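Student: Sequence and predicted model, in that order:
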Protein chains: 2
Amino acid sequence: MADVDADPKKLTRNQQAVLAALKGAGRPLTAYDVLGLPAIRKAGMKAPLTIYRALDKLIALGLVHRIESLNAFVHCGHGPHDHAAGFLICTDCGRTLEVHLESCENHLAGRARDQGFAVDDVRVEMTGRCPDCAGRAAVP
Amino acid sequence: MADVDADPKKLTRNQQAVLAALKGAGRPLTAYDVLGLPAIRKAGMKAPLTIYRALDKLIALGLVHRIESLNAFVHCGHGPHDHAAGFLICTDCGRTLEVHLESCENHLAGRARDQGFAVDDVRVEMTGRCPDCAGRAAVP
DNA sequence: TCGGACAATGTTATGATATAACATTTAAAA
DNA sequence: TTTTAAATGTTATATCATAACATTGTCCGA
């Protein structure tokens, strides 16, 4: 689970730079997308590993989520939280919406426990079209 | 959605070989795992693309599922089906359990629709320990 | 303040996953 | 049989991620 007590002020320069990049993007970016950003190069980061290390930390702090089906990373707009997050991924514009799964998580994890499975983590990713893109498609 | 009317007899030699490999493994394999299997080399497949193409087809037919968080592929033990599948991934032994999500899918997709999101596909992956491994851990 | 411990960083190289492009063959249908 | 679509073969390359090891920075207790 995320370390909800994390103090954002304690982030290192690299971590701050990567977090700011994801925040500014407003959508998931791959590690190499981040690496390519001018602000990141200006911060002196120039190797993939530098980005991945910052991302690892930010994920551990619950400030960033990894989107498995995109191999990408997105800023968590909800602040650190302890319950599982679900993502709605728009296949048109590439943006994601984060949804909380308090109730679903119990349902899903309950299903798992029924089978004797001890659940550590729940990941939900849904693809489709976001409100904006769905609207555009309907009225072309 | 999966083509439930798919006829397994119509699978090509490559597709049959890959499907048999995943079936035999009983757990998720990466494309390169599959490529490395003697039976696959004997079938004449020797390039990654050959494997990926067979996998693409098998996935489209609903005979194989991709596990995003493992970059791996697993045989679907339930036969082709039309509803979303969830996976319980054991971090000890690497095996997966597939669970059906009839009810959860509605719940999740409903949440999405509440936000104006048009859902095409739902993916659920849970990590933890399977009954066997959880048992071993509890009684060491 | 010093010094030890630990986290973070820098650097280079490489491993692992996935697809592009284009020629050829096979299978199915008209 | 012709013609059409799908599958395959082959080579090269793109994309995502980590290993290994040296160095630096930070924090806290003695």
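Tutor: Ah, there it is. Residues are numbered from 1 along each chain as shown, chains lettered A, B, ... in the order given.
Student: What are the boundaries of the strands in chain A?
Tutor: With DSSP state E as the criterion, chain A has strands at A:64-67, A:72-75, A:85-90, A:96-100, A:118-129.
Student: Distance to B:Gln15, mean pLDDT and mean neighbour count added to those strands, as a markdown table?
Tutor: Every residue, glycine included, has its C-beta placed from N, CA and C. Formatted as a markdown table, those follow (distance: least, Cβ to Cβ, whole Å; pLDDT from 0 to 100; neighbours: other Cβ atoms under 10 Å in any protein chain shown):
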| stretch | distance to B:Gln15 | mean pLDDT | mean neighbour count |
| --- | --- | --- | --- |
| strand A:64-67 | 29 | 97 | 20 |
| strand A:72-75 | 30 | 98 | 23 |
| strand A:85-90 | 28 | 93 | 23 |
| strand A:96-100 | 33 | 91 | 18 |
| strand A:118-129 | 25 | 94 | 20 |
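Student: Quick one: closest of these to B:Asp114.
Tutor: strand A:96-100 (8.7 Å; Cβ to Cβ).
Student: Break chain A down into its structural domains.
Tutor: A:1-79, A:83-140 (automatic domain parsing).
Student: would a markdown table of these with distance to chain B be doable?
Tutor: A markdown table is the format used below for the domains of chain A (distance: least, Cβ to the nearest Cβ, whole Å):
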| stretch | distance to chain B |
| --- | --- |
| domain A:1-79 | 4 |
| domain A:83-140 | 3 |
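Student: now for the ones you listed, which one comes closest to DNA strand C?
Tutor: With respect to DNA strand C, and counting by Cβ to the nearest atom of the strand, the nearest of the domains of chain A is domain A:1-79 at 3.2 Å.
Student: residues from chain A in reach of DNA strand D?
Tutor: A:Lys10, A:Thr30, A:Ala31, A:Tyr32, A:Asp33, A:Ala47, A:Pro48, A:Leu49, A:Tyr52, A:Asn71, A:Ala72 (Cβ under 7 Å from any atom of the strand).
Student: Just want to check the distance between the residue nearest the centre of chain A and A:Gly79.
Tutor: Chain A has A:His65 as the residue nearest its centroid, 2.4 Å off, counting by Cα atoms, centre = their mean. The spacing between A:His65 and A:Gly79, counted by Cβ to Cβ, to the nearest Å, is 12 Å.
Student: do the same with A:Ala60
Tutor: To A:Gly79, A:Ala60 is 15 Å away according to Cβ to Cβ.
Student: try A:Tyr52
Tutor: Noted for A:Tyr52: a distance of 23 Å to A:Gly79, by Cβ to Cβ.
Student: Of these two, which one has the most company?
Tutor: A:Tyr52 (15 against 11; other Cβ atoms under 10 Å in any protein chain shown).
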